[in-house]
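Trainee: kindly return the folded structure for what I paste below:
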Amino acid sequence: MAEDLKRAAAEKAVEQYVKSDTVVGLGTGSTASHAVRRIGEAIAAGELHGIRGVPTSARTAALAREVGIPILALSEARPVLTIDGADEVDPNLSLIKGLGGALLREKIVAHASSNGLVVVADGSKVVDSLGESPLPVEIEPFGHEVTLEALAALGCEPTLRLEGSGSQTGDPERPYVTDGGHYTADCRFPGGIPDPGALEMEIKRIPGALETGLFVGLVRSAVVARPGGTEIMESS
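Mentor: Purely as a prediction, here's the structure:
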């Protein structure tokens, strides 16, 4: 059922927002992959033409090639919009992202998109307040122990992500390494995250914290699929 809802949200977002002869940022993760596949199907069927994609990870780049989407780097073109999933979506369309391991590149591509970020999600991802799931923070490997201590001082319980944990695969004894060669700290805030924007700024003052999974002010709309139908939440 969850996969069906993810697919429904992704397909609705492609239908609603992806137009021919545009550059589209392609997100990473299980829900975003449904959007990538749907774009590929639309190209193959002649429903879309002139589409080029800017992938946010090596995994997404491989999938885009597989389904026939030509890909570009940001140095070649800027996306009109990006379609990506989310781990949590609050009523203000602030997000937690990054459990899939690509948050830095996802944020770079979303920020570069002239029409912002379109989020695709099933209804379980919509929360009243962010922080029910851990907040991923991409960190520099050098001195990461110090960075984890600084994160903990902000009131969270940080855990270094390992290969084989969560949605990752590999050696469970080794740190998970992102496409950019960084580590990820998964930070659980027991009291939730009442002010995502303020927390984002606090975390980014830590020298080893490269980027947070808080996406604030980047979302154009969220396409949310529930058993009773699909809803589009627009930013105010």
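
Trainee: and the longest strand anywhere in the chain, what other elements does it pack with?
Mentor: Scanning the chain for the strand with the most residues, using DSSP state E, yields strand 219-226. Packing contacts for strand 219-226, counted by 3 or more CB pairs under 8 Å, 6 or more residues apart in numbering; DSSP states H and E, involve helix 2-17, strand 88-89, strand 117-122, strand 229-234. For the C-beta atoms, the positions are set from N, CA and C on the backbone; glycine is no exception.

Trainee: right, and the ones you listed - which one's nearest residue 200?
Mentor: Closest approach to residue 200 among these is made by strand 88-89 (14.1 Å; CB to CB).

Trainee: hang on, the earlier thing: out of the helices and strands packed on strand 219-226, indicate the one that is most buried.
Mentor: Among the helices and strands packed on strand 219-226, strand 117-122 has the highest mean neighbour count (mean count of other CB atoms under 10 Å), at a mean of 27.

Trainee: Provide the contact partners of the helix or strand just after it at residue level.
Mentor: Beyond strand 117-122 in the direction of the C-terminus, DSSP states H and E gives the next helix or strand as strand 135-139. Residues outside strand 135-139 that contact it (CB atoms under 8 Å, 6 or more residues apart in numbering): 96-99, 101, 103-104, 147-148, 151, 156, 158, 161, 178, 180, 182-189, 193, 203, 208-214.

Trainee: okay, the helices and strands packed on strand 219-226 in JSON lines with mean pLDDT and distance to residue 80 next?
Mentor: Shown next, in JSON lines, are the helices and strands packed on strand 219-226 (pLDDT from 0 to 100; distance: least, CB to CB, whole Å):
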{"stretch": "helix 2-17", "mean pLDDT": "95", "distance to residue 80": "9"}
{"stretch": "strand 88-89", "mean pLDDT": "98", "distance to residue 80": "22"}
{"stretch": "strand 117-122", "mean pLDDT": "97", "distance to residue 80": "10"}
{"stretch": "strand 229-234", "mean pLDDT": "94", "distance to residue 80": "17"}
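
Trainee: what's across from residue 212 in the sheet?
Mentor: Following DSSP bridges, residue 212 is listed with bridge partners residue 137.

Trainee: list the ones among the contacts of strand 135-139 that fall in strands.
Mentor: Per DSSP E, the contacts of strand 135-139 map to strands at 96, 158, 183-188, 209-212, 214.

Trainee: out of those residues, who's the most crowded?
Mentor: Highest neighbour count within the ones in strands among the contacts of strand 135-139: residue 184, with 30 neighbours (other CB atoms under 10 Å).

Trainee: let me see the contact set for that residue.
Mentor: Applying CB under 8 Å, 6+ apart, we find residue 184 in contact with 98, 101, 103, 136-139, 160-161, 176, 178.

Trainee: pLDDT, neighbour count and distance to residue 63 added to those, as a markdown table?
Mentor: Listed next are the contacts of residue 184 as a markdown table, based on pLDDT from 0 to 100; neighbours: other CB atoms under 10 Å; distance: CB to CB, whole Å:
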| residue | pLDDT | neighbour count | distance to residue 63 |
| --- | --- | --- | --- |
| 98 | 95 | 30 | 19 |
| 101 | 93 | 24 | 15 |
| 103 | 96 | 28 | 18 |
| 136 | 98 | 27 | 21 |
| 137 | 98 | 31 | 26 |
| 138 | 98 | 24 | 22 |
| 139 | 98 | 29 | 27 |
| 160 | 98 | 17 | 28 |
| 161 | 97 | 25 | 22 |
| 176 | 96 | 22 | 20 |
| 178 | 97 | 21 | 17 |
